[in-house]
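Participant: Need coordinates for the below:
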Amino acid sequence: MIYPEHYVITIFGNEKSEEAAERCIKSGLQVGGLKIEKWKATTPQDDIAKIIKDEKINTAYMDEVYSRTPNCIAAFLSHYSLWKHSVEKNREVTIFEHD
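Facilitator: Just a heads-up that it's a prediction; the model follows:
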């Protein structure tokens with residue numbers, strides 16, 4: 001039987017994100033017996049324009065009233081990278097995020 005992989009999207013180098021991810025990892029183990037690993041979040045500091053171009057992603061509908069567009073695109077790309085990982089490895093993944 002192949003078990004799913006579990007990841008919490010984490011902004012590496014961001015103290016609050018790292019702490020929240022650790023709480024998620026601890027909780028997942030205590031409550032559900034899940035081994036949750038950190039997954040590097042995409043942030044606006046990454047070259048999101050290049051990623052979007054390389055992956056041929058249409059961002060026309062990613063403008064968000066309550067957030068900055070680059071933040072929305074980066075959040076999408078964080079999930080996208082895990083979806084892509086899931087397909088490439090042919091594995092089910094569970095995605096956690098702390099916000």
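Participant: Need the contact partners of the longest helix along the chain.
Facilitator: The longest helix of the chain (DSSP state H) is helix 69-89. Helix 69-89 is contacted from outside by 5, 7, 9, 39, 41-44, 46, 48, 51-52, 55, 57, 59, 62-64, 91-93, 95, 97, using C-beta atoms under 8 Å, 6 or more residues apart in numbering. Every C-beta, even on glycine, is put in place using the N, C-alpha and C of the backbone.
Participant: Can you give the strand pairings for whichever helix or strand comes after that helix, parallel or anti for each?
Facilitator: Of the helices and strands lying after helix 69-89 in sequence (DSSP states H and E), the nearest is strand 93-97. Partners of strand 93-97 in the sheet, by DSSP bridges, are strand 5-10 (parallel).
Participant: The partner strand versus helix 69-89: what angle between them?
Facilitator: Following axes from the mean of the first three to the mean of the last three C-alpha atoms, to 10 degrees, one obtains 160 degrees for the angle between strand 5-10 and helix 69-89.
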